[in-house]
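Trainee: Based on what follows, work out the 3D shape:
(chains A and B)
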Amino acid sequence: MNSLVNINQLKIRYQDQSNFVINGITLAIPKGEITALIGPNGSGKSSFIKAILGLIPFTGTIDFNWEENKHLDSSIGYLPQRFSIEHNFPLTVEEFMGLALVECSHTTGEKNIFIDGSLTKVNLFEKKKSLLTDLSGGQLQRILLARALVHQPKLLVLDEPEAGIDLHAEESLYLLLKDLVVNNGMTILIASHELHILPEFANNVICFHQGSVCQGKPEHVMSSDLFKKVYGESISLHDHGHHKNLKGVKS
Amino acid sequence: MNLILWFSYPFVQKAFIAGVMLAVIAGILGVLMQIRRSTFFGEAIAHSALAGVALAFLWGINPLIGALVYAGLFSMAIPVLQKTSKLSTDTILGILFPFSMGLGVIVFSLLPAAQPQLMSYLFGNMLMINISDLWILLVILLLLLLLLTLYFKQWLLISLDREYAQLLKIKVGTHDLLYHIFLALVVIIGVRLVGVILVTTLLVVPVSIARLFAKSAKQVFILSPIIGIFIMVFGLMLSILLNAPTGASIAVFAGLAFFLTLLLSLLKNK
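Mentor: Below is the predicted model:
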């Protein structure tokens, strides 16, 4: 397996807690594929993501198999679980995107090309001059994705991107992510509770439970026995008719 | 009363120059404060200065130094108390703010000779501003412009989305420290010159009016100091015309300006 990220003996513990949220896990994130992180709330998915992003302290090692992106700010794109700006502050999409390139040494013209390209990719170029506060939940989510893509990252990390958006917006988001993998060779790491979509969408699944993980293909990992153990109840993965367009998208 | 005659007096000219500089400084910092949702922080620092001024009188040291040292300790205590008590910043401020005000009032009550200073702390007296005060304000204004030239986008990103700023490896802690030290300095100097009420007014009202009309963050940052200057100049003129205290007149004028523009924006959007 050609891996993009290698994680070795990763341990995470918050200052005010005695137990480890993540307790010595070793795994690899395959390159050019979609890896889904599943598990109940508080199982460590977000902490795992934050460790990869370098936002929280941890022990063990996280190695990235790429050369540092010297011209753009980051080789990792990130779409957070929650995003809110101060109530109704008038910030345009263009200004918001520009801030993501604040540390980048390119000229204003070049930055504009990056921003335009990224907005076009998420089909929201026409919203460039709009205020963030005038966008719908689904549009805001796509703008956040455009910001995550503006650095042309090698790894795209998404933390429960479906939170707060409707089914239609969710489906377009997943199709867009699939397109990024197929046509741009991007590696995607996504934490999600949408268990019924993941078998169709993800190439790999990492399941978090009580500080440890199990990893494998969705058809191997996502079993009723595992769900009963992890979530404490039986979960059916039958699609209820939603997300029909996602059928067969897995490469 | 002849306004032109008043403008020929050097003390009035100095008040206007100081007012304009302070309006620009507070107008810009006020925007960052609102984005950070930390308007209460500036207000709490301003009010905490009362304890510093009072203790300085008690111990016979310069009130400005007393206010600066107290505000510095106040700012540093917030993260420490937050960490140890696990309470929110607003809650910590809600404890420290009345404690400091109460301490200041008690100390002032023990020092009858210093009572006029209490009124000066609350409302300031812009008509007493001297040349050295103007130089101090000019240095602060130039320092702010320098900091904004160097770090405007970093400060804006940190204010809007700290996590993303950390992801871009921006030194968030260092920038935060720089921003808070600078804010505390501006607030304390402002309190010393124009009083606590006017400092709070200049940090909050201009940006709030600007946001009613602005169509981008850039417009808010440009409009806020301009509106601040407008409030200062017309508030001072009102004070001269009514022969009323300057700080109180400007604060009242600012409040009226906000309600009027709010009404206008509501009618415009109807």
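Trainee: Make sure B:Ala67 is indeed in a helix.
Mentor: Yes: counting by DSSP: H, G, I helix; E, B strand; the rest coil, B:Ala67 is part of a helix.
Trainee: That one is in contact with B:Ala49, isn't it?
Mentor: Yes: if you go by Cβ atoms under 8 Å, B:Ala67 and B:Ala49 touch, sitting 4.1 Å apart. The C-beta positions use only the backbone N, C-alpha and C, and glycine is treated the same way.
Trainee: which residue is nearest the centroid of the chain?
Mentor: The chain I'm using is chain A. A:Leu158 (1.4 Å; Cα atoms, centre = their mean).
Trainee: try again with chain B
Mentor: The centroid of chain B falls nearest to B:Val199 when counting by Cα atoms, centre = their mean (3.6 Å).
Trainee: for chain B, where's the lowest mean pLDDT among helices and strands?
Mentor: Within chain B, no helix or strand scores below helix B:115-123, which has a mean of 72 by mean pLDDT, DSSP states H and E.
Trainee: related to what we said a few turns ago, so the residue nearest to the centre of chain B touches B:Val187, yeah?
Mentor: Yes: shown here, B:Val199 and B:Val187 form a contact pair, counting by Cβ under 8 Å, at 5.7 Å.
Trainee: what about stretch B:10-27 and chain A, touching?
Mentor: No: using Cβ under 8 Å from any Cβ of the partner chain, we find that stretch B:10-27 stays clear of chain A, coming within 15.6 Å at best.
Trainee: burial count for A:Leu132?
Mentor: Neighbour count of A:Leu132, defined by other Cβ atoms under 10 Å in any protein chain shown: 22.
Trainee: correct me, but it touches A:Leu144?
Mentor: No: the criterion here is Cβ under 8 Å, and A:Leu132 misses it with A:Leu144 at 9.8 Å.
Trainee: before we move on, back to that, helix, strand, or coil at the residue nearest to the centre of chain A?
Mentor: Classified using three-state DSSP, A:Leu158 is strand.
Trainee: And for B:Ile170?
Mentor: coil.
Trainee: List the residues that contact it.
Mentor: A:102-103, B:154, B:157-158 (Cβ atoms under 8 Å, 6 or more residues apart in numbering or on different chains).
Trainee: Mind doing that once more with 7 Å?
Mentor: Contact partners of B:Ile170, counting by Cβ atoms under 7 Å, 6 or more residues apart in numbering or on different chains, are A:103, B:154, B:157-158.
Trainee: From A:Phe83, how far out is it?
Mentor: Separation of B:Ile170 from A:Phe83 (Cβ to Cβ, to the nearest Å): 17 Å.
Trainee: Between B:Ala67 and B:Ala49, which contacts overlap?
Mentor: Residues touching both B:Ala67 and B:Ala49 (Cβ under 7 Å, 6+ apart): B:188, B:191.
Trainee: name the element the residue nearest to the centre of chain B belongs to?
Mentor: B:Val199 belongs to helix B:196-213 when assigned by DSSP states H and E.
Trainee: tell me what that helix is packed against?
Mentor: With contacts defined as 3 or more Cβ pairs under 7 Å, 6 or more residues apart in numbering or on different chains; DSSP states H and E, helix B:196-213 has these neighbours: helix B:10-35, helix B:39-59, helix B:115-123, helix B:172-194, helix B:217-242, helix B:246-268.
Trainee: coming back round to it: for the residue nearest to the centre of chain B, which non-adjacent residue is spatially closest?
Mentor: With sequence-adjacent residues excluded and distances taken as Cβ to Cβ, 6 or more residues apart in numbering or on different chains, B:Val199 is closest to B:Gly190, at 4.0 Å.
Trainee: who's in contact with that neighbour?
Mentor: Going by Cβ under 7 Å, 6+ apart, the list of residues near B:Gly190 reads B:22, B:26, B:199.
Trainee: Could you do A:Ser46 as well?
Mentor: By Cβ under 7 Å, 6+ apart, A:Ser46 lies in contact with A:81, A:159, A:191.
Trainee: buried ones in whichever strand or helix holds A:Ile7?
Mentor: Using DSSP H and E, A:Ile7 falls within strand A:3-12. Buried residues in strand A:3-12, defined by neighbour count with 16 or more other Cβ atoms under 10 Å in any protein chain shown: A:3-5, A:7, A:10, A:12.
Trainee: Redo those as CSV? Include pLDDT and distance to B:Ala77.
Mentor: CSV is the format used below for these (pLDDT from 0 to 100; distance: Cβ to Cβ, whole Å):
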residue, pLDDT, distance to B:Ala77
A:Ser3, 88, 47
A:Leu4, 90, 45
A:Val5, 91, 41
A:Ile7, 92, 39
A:Leu10, 92, 35
A:Ile12, 90, 29
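Trainee: can you list contacts of stretch B:261-270?
Mentor: Applying Cβ under 7 Å, 6+ apart, the contact partners of stretch B:261-270 are B:209, B:212-213.
Trainee: So for that stretch, what gets flagged as buried?
Mentor: Buried residues in stretch B:261-270, counting neighbours by 16+ other Cβ under 10 Å, are found at B:Thr261.
Trainee: Poorly predicted segments of the chain, please.
Mentor: Reading this off chain A. For chain A, applying pLDDT under 70 flags the ranges A:1, A:16, A:68-74, A:86-87, A:164, A:233-251.
Trainee: think we crossed wires, I meant chain B
Mentor: Along chain B, segments meeting pLDDT under 70 span B:1, B:123.
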